[in-house]
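Peer 1: the sequence and its predicted three-dimensional model are supplied below.
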Amino acid sequence: MRGILIAGATAFFFSFFVTPLFIKFLAGRGYGQQIRVAVVIWAIFLVLGSSNGVNLTDGLDGLASGAAVMSFLAFTLIGVWEFGQRCEVALTTNCYNVRDPLDGAVLAAALAGACAGFLWWNASPARIFMGDTGSLAIGGALAGLAMTLRTELLLVLLGGLFVIITLSVIIQTTYFKISGGKRVFKMAPLQHHFELLGWGEVTIVIRFWIIAGLCVAAGLGLFYAQWVVA
């Protein structure tokens with residue numbers, strides 16, 4: 001389990017921070033072939049980071065599936081919006097050069113519906129459980145949609161709850177190592193910290209859903225803001 005946590009935290013860190021900076025570094029110096037390799041590496045880390053982020057979140061009944069519904073609905077709206085804004089790049093720069101964004105929107109809507117149907121039975125007390133197979137698949141789907149719709153960095157907000165919970169593991173593990181056994185949280189991932197504080201499972205899930213919803217709203221607002229500013 002510790003190996004999975006470390007691998008997920010490392011993939012998350014590289015996918016959202018190290019690799020994008022490396023790609024910009026290569027682009028600024030005209031290394032075309034190296035950029036292609038860097039993009040492939042980034043895509044790998046993005047899938048690994050997103051998959052493990054959802055996997056770490058899947059610790060309470062309905063938590064990961066409910067947050068996933070919100071993220072997939074956000075990608076549905078983004079795909080529909082990009083489809084409506086497609087135009088000739090020669091005419092204006094305010095276009096999304098995305099291939100088949102409506103297909104991405106349909107896929108995101110289907111995944112949102114699947115997660116919502118699953119949530120009906122996964123809500124506390126759960127009758128069925130997601131497991132590693134489901135959580136890793138959902139995380140991979142989120143990363144795939146982000147890359148397909150060219151909103152990779154926006155995934156930090158659209159999957160904000162997954163990011164927060166992954167960061168709690170990174171902070172806990174790092175501080176434990178450098179402090180000689182001390183902990184920031186009572187337990188990581190973060191949802192279990194609040195369990196040990198005495199919060200009920202349903203209370204934690206609902207409040208974390210609120211956080212996920214706020215992150216998704218912020219991500220959609222940021223996505224739309226570029227059109228308003230432009």
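Peer 2: It's in.

Peer 1: helix/strand/coil for the residue lying closest to L63 once chain neighbours are set aside?
Peer 2: Ranked by C-beta to C-beta, 6 or more residues apart in numbering and with sequence neighbours excluded, the top spatial neighbour of L63 is V205, at 4.9 Å. The C-beta positions use only the backbone N, C-alpha and C, and glycine is treated the same way. Using DSSP: H, G, I helix; E, B strand; the rest coil, the structure places V205 in helix.

Peer 1: V205 against G62, yeah?
Peer 2: Yes: the pair formed by V205 and G62 meets the contact definition of C-beta atoms under 8 Å, at 5.4 Å.

Peer 1: between these two, which is the more surrounded one?
Peer 2: G62 (24 against 21; other C-beta atoms under 10 Å).

Peer 1: need the contact list for that one.
Peer 2: Shown in contact with G62 (C-beta atoms under 8 Å, 6 or more residues apart in numbering): L119, N122, A123, S124, A126, V205.

Peer 1: separate out the buried members of the residues you listed.
Peer 2: L119, N122, A123, V205 (16 or more other C-beta atoms under 10 Å).

Peer 1: and R127, how far from N52?
Peer 2: 26 Å (C-beta to C-beta, to the nearest Å).

Peer 1: helix or strand for A67, which one?
Peer 2: helix 63-84 (DSSP states H and E).

Peer 1: spit out the contact partners of L214.
Peer 2: Residues in contact with L214, defined by C-beta under 8 Å, 6+ apart, are G160.

Peer 1: now name the helix or strand holding it.
Peer 2: helix 201-229.

Peer 1: quick one: that helix to chain centroid distance?
Peer 2: How far helix 201-229 lies from its chain's middle: 12 Å, per C-alpha atoms, centre = their mean, to the nearest Å.

Peer 1: give the buried residues for it.
Peer 2: Using 16+ other C-beta under 10 Å as the test for burial, helix 201-229 gives E201, I204, V205, F208, W209, A212, G213, C215, V216, G219, L220, F223.
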